[in-house]
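1. model this:
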Amino acid sequence: YLMDVDRVQGVRQLLGIYVDNILLVPDRSNFVTHNSGHPPLPLLSYAGLDAIGLGGPAWAGVITSLVGSTAVVAVLVTLRRLRAEDWARPAAPFLALSPLAIWVYVSADGAFMAVGAWGLALLAMAAGQRHRGRALALGAAAGVVLGTSLFLSYGLVLLAPLALSVLWVARSWRPLLPAVGGALAVVALFALGGFWWLQGQQTLVVRYYQGIAADRPQQYWVWANLAIVALAVGPAVVAGVGLAASRQGWPVSWRDRARAAWWLALGAVVAIVAADLSAMSKSETERIWLPFMVWLVPLAALLPARTQRVWLGVQVAWTLAIALILRTTW
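-> You can find the predicted model right below:
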C-alpha cells in the first residue's frame with residue numbers, strides 16, 4: 001500500500017482518480033496490486049499517517065498490528081453482549097493464540113478484520129439495548145463502522161450474513177434500519193467524493209483477471225481455499241467446527257450458551273462459501289478471509305473442558321510450526 005502514498009495529494013483528488021488507476025493500461029502508471037485490488041480507504045489511511053509524521057513501513061506496521069489485535073476484544077465483547085460471556089471466557093485463549101495472529105501482524109487484512117469485528121460488536125450492543133434512543137444511535141454507529149469496512153476491502157460486503165446472525169441471536173431487528181442507514185451514509189459520502197463503490201468493484205473484476213488470477217484455476221482453488229482455512233484456524237478450531245456440525249454441538253434452546261458462537265460461526269461459513277464460489281478468492285485466503293475466520297475460533301470452546309488445555313497447547317505448537325517452518329511469503 002505504501003508504494004502509492006506519494007501519489008495522494010488529497011482525499012478528493014484520490015477518490016476522483018482511483019477507478020482510472022485500477023486497470024493495467026499500456027503507457028499508464030496504475031496503482032500497485034494491493035491498492036488496485038482494494039477500495040481507496042487503506043491507501044488514504046496510510047497517506048493520513050504519513051501526513052501527520054507517522055510515515056514509512058515501521059509506523060504502518062506497528063499501527064496496523066495494534067488495530068488488528070483489537071479484533072480479539074471485539075469478538076469477546078460481541079459474545080458477552082449476546083449473553084454468552086461464559087462461552088467467551090474459555091474461547092479467549094484460543095482467540096489470542098490462534099494461527100490467525102501470524103497474518104494479523106504481517107498484513108493490513110488484520111486491521112480490516114478488527115474494523116468489521118467492532119462493527120458487529122456495536123450491532124450486538126444495539127440489539128441488547130433497551131433504551132430506544134441508545135439502540136438507534138448504536139445501530140447507526142454499527143452501520144457506519146460496517147459501511148467503512150466496505151471501503152477497506154470489497155469482500156467485506158460478505159459481513160452481511162454475520163450481521164444477520166448477530167440480530168438473530170439477539171432476537172432484535174430494531175437496529176437493522178439505522179445500521180443500513182449508517183452504512184448507506186458512508187457509501188454516499190464516498191460517492192460524493194468521487195468514488196462509486198460498485199464501479200470500483202466491477203473494475204476490480206477486470207483487473208483481477210489481468211493479473212495472476214488468470215493462471216489460478218478455480219477448479220483447484222475452490223477446494224484449496226478451504227484447506228487453507230483449516231490450516232489457518234488450527235486443529236482445535238477444526239475439531240470445534242466438527243462438533244458444531246454434529247448433533248452434539250447444536251444449540252438446543254434460545255438460552256443455550258453455545259447459541260451465539262454457533263450462529264456467528266454459521267454466518268462466517270456462509271461468507272466463506274460465498275467468497276469461495278465467487279472465483280474472486282483464489283489463494284492468499286489465509287489473510288483475505290481473516291474477517292470471517294476469526295468467528296470460527298470460539299467454537300474451540302465446544303471441546304470438552306478437561307481437554308481444552310491440551311488442545312490449546314496443540315494450537316500454540318501449530319502456530320509456531322507455521323511461523324517457523326513454512327515459508328508463508330508474508
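2. Only C-alpha atoms from now on, for both contacts and neighbour counts.
-> Noted.
3. mind listing the helices for the stretch 151-300 of the chain?
-> 160-170, 176-193, 197-208, 218-233, 235-245, 259-277, 285-288, 290-293 (DSSP state H, counting those that start in this stretch).
4. So which other helices or strands are in contact with the third one?
-> Counting contacts by 3 or more C-alpha pairs under 8 Å, 6 or more residues apart in numbering; DSSP states H and E, helix 197-208 is packed against helix 176-193.
5. Pick the most buried one from the helices of the stretch 151-300 of the chain.
-> Highest mean neighbour count of those: helix 290-293, a mean of 24 (counted as mean count of other C-alpha atoms under 10 Å).
6. With adjacent residues omitted, what lies nearest to A114?
-> In space, and not counting its chain neighbours, A114 is closest to A71: 4.1 Å by C-alpha to C-alpha, 6 or more residues apart in numbering.
7. Surely S165 and A268 touch.
-> No - with contact defined as C-alpha atoms under 8 Å, S165 does not reach A268; the gap is 9.2 Å.
8. low-scoring pLDDT stretches of this protein, where are they?
-> 247-250, 252-257, 330 (pLDDT under 70).
9. 90 instead, please
-> 24-30, 84-87, 105-106, 129-132, 210-215, 243-259, 283, 302, 326-330 (pLDDT under 90).
10. Any chance you could spot the residue sitting in the middle of it?
-> P291 (1.8 Å; C-alpha atoms, centre = their mean).
11. I figured that one was touching A108, is that so?
-> No - when contacts are counted by C-alpha under 8 Å, P291 is not listed as touching A108 (11.2 Å).
12. could you give the angle of the strand or helix carrying A321 to helix 235-245?
-> Element membership of A321, judged by DSSP states H and E, is helix 308-324. Helix 308-324 runs at 130 degrees relative to helix 235-245, counting by axes from the mean of the first three to the mean of the last three C-alpha atoms, to 10 degrees.
13. List the buried residues in helix 308-324.
-> For helix 308-324, the neighbour count (16 or more other C-alpha atoms under 10 Å) marks 308, 311-312, 315-316, 318-319, 322 as buried.
14. any idea of the angle that helix forms with helix 218-233?
-> 120 degrees.
15. Check the offset of helix 308-324 from the chain's centre.
-> 23 Å (C-alpha atoms, centre = their mean, to the nearest Å).
16. Mind listing residues that contact that helix?
-> 93-94, 97-99, 102, 234-236, 301, 328 (C-alpha atoms under 8 Å, 6 or more residues apart in numbering).
17. Could you list the alpha-carbon positions for that helix in CSV?
-> This file holds the C-alpha atoms of helix 308-324, laid out as CSV (Å, rounded to 0.1, in the frame of the first residue of the first chain):
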residue,chain,number,x,y,z
GLN,A,308,-9.0,-27.8,26.4
ARG,A,309,-5.5,-27.1,27.8
VAL,A,310,-4.2,-29.9,25.7
TRP,A,311,-5.9,-28.5,22.6
LEU,A,312,-4.6,-25.0,23.4
GLY,A,313,-1.0,-26.5,23.5
VAL,A,314,-1.6,-28.1,20.2
GLN,A,315,-2.8,-24.8,18.8
VAL,A,316,0.3,-23.0,20.0
ALA,A,317,2.6,-25.7,18.5
TRP,A,318,0.7,-25.5,15.3
THR,A,319,1.0,-21.7,15.2
LEU,A,320,4.8,-21.9,15.8
ALA,A,321,5.2,-24.6,13.2
ILE,A,322,3.5,-22.4,10.6
ALA,A,323,5.5,-19.4,11.6
LEU,A,324,8.9,-21.1,11.8
